[in-house]
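K.L.:
structure of the sequence below:
(one chain, ligands or ions: 3)
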Amino acid sequence: MKQATGMEDATLPDHPQDEPPLPDALAAAADDPTLPTSARALLRRAREALLAARSDADAAHLRYHALFDAVPDPVSILDAQGIVLDLNRAGLLAYQRPREAIVGQPIEVLNPDLPRDHLAPVWDAVHRGRTYVIEVTNMRGDGSRFPVEVHSAGFEHEGRPCLVAVARDLSERREAEVRYRELMDVMDRGIAIHDTAGRFVYGNPAALRLLGIRQGTSLGDTANLGDWIALAPDGGEMPWAELPPIRALREGRIVESTLMGLYHRRRRQLYWLTVNAVPQYPPGGDRPHQVLSLFSDVTTLKRDSAMFDRVQALAHIGGWELDCTSDRLHLTAEAARILDSHAPPDTMEALVAMLLPSDQTRLRDALGAAMLEASGFDLELQGLRHDGSPFWVRAIGGPRHGDPATSRLTGTLQDIARSKRDEEILRLQARTDPLTGLLNRDAILGELEARMRDGVRGKVAVLYIDLDRFKFVNDALGHNAGDELLVAAAHRIGRAVGDAGSIARFGGDEFLVVCDAGPDASHAERVANAILDSFGDGFRFDSEEFSITASIGIAHAPDDGDRPQTLIQNADAAMYESKRRIRNGWQRFTPALAQSQQDRLRVETHLRRAIDNDEFHLVYQPQVELRHGRIVAAEALIRWRNRQLGEMRPDHFIDHAESTGDIVRIGAWVMREACRQSAAWRDAGLGVVRVAVNVSFRQLVGDDLAANVGAVLAEFDLPGSALELEFTERVLIEDAPDTLKTFAALRAMGVMLTIDDFGEGYSALNYLRRLPIHGLKLSQLFVGGVPDDRSDVAVCQAVAGIARGLGLGLVAEGVESEAQRRFLIDLGVPVGQGFLFAPGMSADEFARRVRDTGGVFG
Ligand code: C2E
Ligand code: MG
Ligand code: MG
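P.N.:
Ligands and ions are numbered 1, 2, ... in the order given. The predicted structure is shown next:
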């Protein structure tokens with residue numbers, strides 16, 4: 001039979017070779033005249049039917065061969081014994097042999113390595129209705145080999161069982177597989193394959209390395225998921241169902257870039273991975289049968305970022321990024337926490353809305369400039385969270401680096417609430433007096449300056465307040481009581497002033513009130529009265545009650561000064577004037593006060609040069625026994641003769657000298673001059689006249705008085721008893737630390753020590769007891785009133801009683817009349833001093849009088 005394909009005859013046997021073909025035999029029989037016509041007609045019809053069937057079979061055969069040769073893989077037909085009955089065109093090409101070298105030959109010709117009974121399992125499968133698949137290596141005509149996957153199936157041909165075997169060339173797939181494996185091996189990303197039960201079925205070397213699994217160990221033992229705890233990015237446990245491979249299996253789609261932690265229980269090791277999980281489907285299957293996970297170790301990265309997060313949290317700095325086109329605002333966790341952990345803004349507009357109105361504008365302007373001009377900004381912004389709590393942030397920002405279109409702005413956000421609070425506390429501390437909590441000197445000066453500059457606020461008045469008997473309380477009751485008094489006084493002043501002005505503690509016991517002057521300028525006076533009233537009730541300490549008053553000076557700007565310093569100075573001057581005159585009152589600054597202020601300045605200027613210009617001299621006033629007028633001592637009184645200012649009494653300049661400190665030099669001069677004079681009188685044969693010298697409290701504080709006195713006595717070779725020192729009560733009040741020591745040293749030298757003007761000041765009896773003094777001088781203030789003024793009489797009696805009680809001497813000053821002398825004698829006062837006996841006289845005059853009278857005055 002010829003084939004239409006032009007190939008050699010099909011080897012499939014269809015009839016016996018030695019017999020004539022059946023149609024020809026039928027044709028011959030039909031033409032046989034010996035047969036009846038009906039039989040010949042039947043034979044002819046049979047032949048036609050046979051020919052028709054033949055042409056159908058031929059067509060089927062042709063179709064079979066066309067199909068057979070169209071299969072791209074080699075297909076062979078084998079008989080039960082493995083003889084090749086047919087091979088398609090792809091087979092001839094693949095094995096590179098002629099047809100006759102294969103067809104009719106046993107299958108071993110194609111694969112010499114096949115085991116002897118290789119067909120048994122094939123038939124076994126075939127009989128069970130299956131296709132048998134096997135991978136083998138076949139051989140080409142030239143002896144070279146190639147891998148094939150052979151699918152074998154059975155079929156029956158003309159009653160005989162045959163096999164059809166399709167061999168797929170695996171060469172390319174094998175190469176791809178090798179390349180794939182090599183890739184897996186060299187890849188630094190881990191690849192793991194899990195089956196549907198979550199079992200780890202494959203891991204590339206990187207996976208094993210990353211997960212710390214030794215190569216060669218059984219994956220089932222070492223890498224099953226039970227060994228691991230999976231962690232979510234926040235550190236919490238990641239549920240099994242959320243693991244990327246499990247999700248990929250469940251959802252049947254790729255799960256991308258998931259950050260997860262893996263903690264190995266036994267090794268106590270934590271890995272952070274980013275994982276992509278890809279589900280894999282079996283050919284034709286619609287459910288994934290395994291999942292491939294690709295992962296990278298980001299442990300260090302995560303650690304760095306965790307560290308970064310922690311650093312951010314510690315520094316209270318967060319980050320933000322703004323997509324300018326969508327207004328989307330991305331905040332880092334810390335930035336979100338700073339702004340509003342419950343409802344962080346997700347657009348810039350929402351953030352802006354949280355800010356104070358003025359800061360809204362500032363931020364909008366800055367953002368606008370950043371977008372338009374690519375400029376950066378650095379702003380401190382305040383706002384409120386949704387719960388009403390305030391925040392204070394420093395926002396730094398600008399266009400994202402390398403973003404020429406400035407479509408994104410990025411920056412940091414720092415929580416500066418704490419530093420703002422610290423700043424505020426520091427600012428407050430720098431402005432307040434720690435004891436009273438009032439403004440301090442600098443703060444009130446700043447405020448006064450601002451108010452004076454600010455013309456709109458109207459006229460400003462300053463009240464300078466000084467507590468009248470503060471030093472007494474402080475000294476008598478101790479510094480704690482003093483502090484308590486200041487706090488109480490501050491409180492009272494605060495209540496009295498209310499919101500009419502600002503109050504500051506200006507110095508030790510000095511306060512300053514700055515307030516509006518008001519339209520009629522009496523406003524400040526009303527405030528002053530309120531303050532004085534508030535001191536009406538006594539102050540209590542423990543069980544004792546003290547009456548403390550205040551003296552207030554008032555100055556108005558700009559009349560009494562157009563600069564803060566002058567204004568305060570003038571209020572101070574008015575306060576002094578008030579204290580001098582009445583105490584517990586107020587005094588407005590006046591031009592006359594201004595004049596005295598100027599005088600004071602002039603006096604102080606001249607005073608500074610008075611010693612060098614030799615402008616001082618001393619006069620001497622005798623102290624006499626009241627009964628007989630016999631001289632006991634002479635008080636040296638200073639006089640100042642200045643060419644411009646004329647002759648001046650100490651009342652006019654001693655205060656100034658004390659306030660400028662010049663008194664120390666002046667006092668030293670007086671001391672030396674008095675001793676020099678005493679020595680001169682002695683040398684002139686007048687005998688030793690004890691000279692009483694007035695000593696300022698300042699000489700006790702500033703200088704080593706005892707040493708100076710010792711030196712002067714030594715210089716003029718005088719005994720200590722030739723000198724008497726008169727201290728005012730201020731010495732007692734100031735209570736310099738070394739007063740007691742100095743007094744003791746002076747007394748040890750034989751120097752006489754007296755308290756001058758006793759009764760005028762605030763002498764506390766316990767001080768008198770403590771100090772090793774010899775006597776008191778009864779102030780002329782009281783002596784002047786006796787014997788008629790009853791209260792003066794009472795004071796004189798009291799002082800005489802004290803002197804007697806403490807065993808102190810007593811000298812009455814300012815004795816001008818015989819009546820006073822009598823009164824004092826009756827009171828038991830032994831010594832007096834006054835015009836009744838003699839005024840202060842020059843040294844020469846004094847010496848002459850002593851010689852003339854034999855030392856008896858009056
Ligand atoms: P003082 O120590 O009480 O001196 C007595 C003052 O009374 C003297 O005034 C004296 O001239 C005055 N005086 C004396 N007898 C009478 C009298 O019968 N009637 C009246 N009305 N006054 C009389 P002076 O010299 O003006 O001194 C005033 C004060 O100046 C002194 O008061 C003393 O505290 C202080 N002083 C005087 N000289 C010095 C000195 O050298 N150093 C210091 N630190 N103070 C001095
Ligand atoms: Mg005196
Ligand atoms: Mg006196």
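K.L.:
next secondary structure element downstream of the helix or strand of the chain with the lowest mean pLDDT?
P.N.:
Of all helical and strand segments in the chain, the minimum by mean pLDDT, DSSP states H and E falls on helix 219-222, at a mean of 50. Downstream of helix 219-222, the next assigned helix or strand under DSSP states H and E is strand 228-231.
K.L.:
list the helices and strands that next one packs on?
P.N.:
In terms of contacts (3 or more Cβ pairs under 8 Å, 6 or more residues apart in numbering; DSSP states H and E), strand 228-231 is packed against strand 255-264. No exception for glycine: its C-beta is placed from N, CA and C like everyone else's.
K.L.:
buried residues, the strand it packs on. List them.
P.N.:
V255, T258, L259, M260, G261, L262, H264 (16 or more other Cβ atoms under 10 Å).
K.L.:
quick one: average pLDDT of it?
P.N.:
Averaged over strand 255-264, pLDDT sits at 82.
K.L.:
now do it: which elements does it pack against?
P.N.:
Using 3+ Cβ pairs under 8 Å, 6+ apart: strand 255-264 touches strand 228-231, helix 244-251, strand 269-280.
K.L.:
that one pairs with which strands, and in what direction?
P.N.:
Using DSSP bridges, strand 255-264 pairs in its sheet with strand 228-231 (antiparallel), strand 269-280 (antiparallel).
K.L.:
how far off centre is the longest one?
P.N.:
In other words, strand 269-280. Computed by Cα atoms, centre = their mean, to the nearest Å, the chain-centroid distance of strand 269-280 equals 39 Å.
K.L.:
next, the angle from that strand to helix 244-251.
P.N.:
If you take axes from the mean of the first three to the mean of the last three Cα atoms, to 10 degrees, strand 269-280 sits at 30 degrees to helix 244-251.
K.L.:
ok, then the element right after strand 269-280?
P.N.:
Going down the chain from strand 269-280, the next helix or strand is strand 290-297, by DSSP H and E.
K.L.:
and for that following strand, what are the contacting residues?
P.N.:
188-196, 201, 207, 210, 244-245, 248-249, 271-280 (Cβ atoms under 8 Å, 6 or more residues apart in numbering).
K.L.:
same check on stretch 693-705?
P.N.:
Under the criterion Cβ under 8 Å, 6+ apart, residues 635-638, 650, 654, 657-658, 661, 663-664, 667-668, 670-671, 674, 723-728, 730-731, 733-734, 736, 738-739, 742, 746, 756 lie in contact with stretch 693-705.
K.L.:
and the helix ranked longest in the chain, what does it pack onto?
P.N.:
Determined from DSSP state H, the single longest helix within the chain is helix 37-70. When contacts are defined as 3+ Cβ pairs under 8 Å, 6+ apart, helix 37-70 packs onto helix 22-30.
K.L.:
pull out the buried positions in the helix it packs on.
P.N.:
In helix 22-30, counting by 16+ other Cβ under 10 Å, buried: L26, A29, A30.
K.L.:
can you check stretch 124-142 too?
P.N.:
Buried, per 16+ other Cβ under 10 Å, within stretch 124-142: A125, V126, Y132, I134, V136, N138, M139.
K.L.:
same check on stretch 158-178?
P.N.:
Quick answer for stretch 158-178 (16+ other Cβ under 10 Å): C162, L163, V164, A165, V166, A167, R168, D169, L170.
K.L.:
the third one and A277, how far apart?
P.N.:
For V164, the distance to A277 (Cβ to Cβ, to the nearest Å) stands at 41 Å.
K.L.:
beyond the helix or strand hosting S578, next helix or strand please.
P.N.:
Element membership for S578, per DSSP H and E: helix 564-581. The element immediately downstream of helix 564-581 (helix or strand, assigned by DSSP H and E) is strand 586-588.
K.L.:
what's the helix or strand following that following strand packed up against?
P.N.:
Reading on from strand 586-588 to the C-terminus, the next helix or strand found by DSSP H and E is helix 591-610. Packing contacts for helix 591-610, counted by 3+ Cβ pairs under 8 Å, 6+ apart, involve helix 564-581, strand 631-642, helix 650-660.
K.L.:
redo these as TSV? Include mean pLDDT, distance to ligand 1 and mean neighbour count.
P.N.:
Below are those laid out as TSV (pLDDT from 0 to 100; distance: least, Cβ to the nearest ligand atom, whole Å; neighbours: other Cβ atoms under 10 Å):
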stretch	mean pLDDT	distance to ligand 1	mean neighbour count
helix 564-581	88	15	21
strand 631-642	96	4	21
helix 650-660	88	3	17
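K.L.:
of all these, which one is nearest ligand 3?
P.N.:
Proximity to ligand 3 (Cβ to the ion) singles out strand 631-642 among the helices and strands packed on helix 591-610, at 8.3 Å.
K.L.:
what strands flank the closest one, and is each parallel or antiparallel?
P.N.:
strand 616-625 (antiparallel), strand 646-648 (antiparallel), strand 691-695 (parallel).
K.L.:
tilt between the first one and helix 650-660?
P.N.:
For strand 616-625 against helix 650-660, the angle between stretch directions is 120 degrees (the same axes, to 10 degrees).
K.L.:
in this structure Y576 contacts G553, no?
P.N.:
Yes. Counting by Cβ atoms under 8 Å, G553 is a contact partner of Y576 at 7.0 Å.
K.L.:
among the contacts of stretch 693-705, name the ones in helices.
P.N.:
Those of those lying in helices (DSSP H): 650, 654, 657-658, 663-664, 667-668, 670-671, 674, 730-731, 733-734, 739, 742, 746.
K.L.:
pull out the buried members of the residues you listed.
P.N.:
Burial by neighbour count, 16+ other Cβ under 10 Å: within these this picks out 654, 657-658, 663-664, 667-668, 670-671, 674, 730-731, 733, 739, 742, 746.
K.L.:
and those residues, which is closest to D614?
P.N.:
V670 (13.6 Å; Cβ to Cβ).
K.L.:
in terms of helices and strands, where is the residue in the stretch 351-500 of the chain that ligand 1 sits nearest to?
P.N.:
Per Cβ to the nearest ligand atom, K471 is where the stretch 351-500 of the chain lies closest to ligand 1, at 18.5 Å. Using DSSP H and E, K471 sits within helix 470-477.
K.L.:
any stretches of the stretch 151-300 of the chain with poor pLDDT?
P.N.:
Counting by pLDDT under 70, the ranges of the stretch 151-300 of the chain that qualify are 215-226.
K.L.:
rerun that using 90 as the cut-off
P.N.:
Low-confidence segments of the stretch 151-300 of the chain (pLDDT under 90): 151, 154-161, 167-246, 249, 252, 254-276, 281-287, 293-300.
K.L.:
would you mind giving the helices and strands packed on helix 591-610 as JSON lines with distance to ligand 3 added?
P.N.:
As requested, the helices and strands packed on helix 591-610 are exported to JSON lines (distance: least, Cβ to the ion, whole Å):
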{"stretch": "helix 564-581", "distance to ligand 3": "17"}
{"stretch": "strand 631-642", "distance to ligand 3": "8"}
{"stretch": "helix 650-660", "distance to ligand 3": "11"}
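K.L.:
kindly present the ones you listed as CSV, with separate columns for distance to G814.
P.N.:
Formatted as CSV, the helices and strands packed on helix 591-610 follow (distance: least, Cβ to Cβ, whole Å):
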stretch, distance to G814
helix 564-581, 20
strand 631-642, 12
helix 650-660, 13
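K.L.:
V352 contacts D365, correct?
P.N.:
No. Using Cβ under 8 Å, V352 is not in contact with D365; the gap is 11.0 Å.
K.L.:
tell me which of these two has more neighbours.
P.N.:
For V352 versus D365, the count of surrounding residues by other Cβ atoms under 10 Å is larger for V352: 19 against 12.
K.L.:
part of a helix, is that one?
P.N.:
Yes. Under DSSP: H, G, I helix; E, B strand; the rest coil, V352 sits within a helix.
K.L.:
so what's the backbone phi/psi at the residue lying closest to it once chain neighbours are set aside?
P.N.:
In space, and not counting its chain neighbours, V352 is closest to Q360: 5.2 Å by Cβ to Cβ, 6 or more residues apart in numbering. With angles defined as degrees, to the nearest 10, Q360 sits at phi -60, psi -50.
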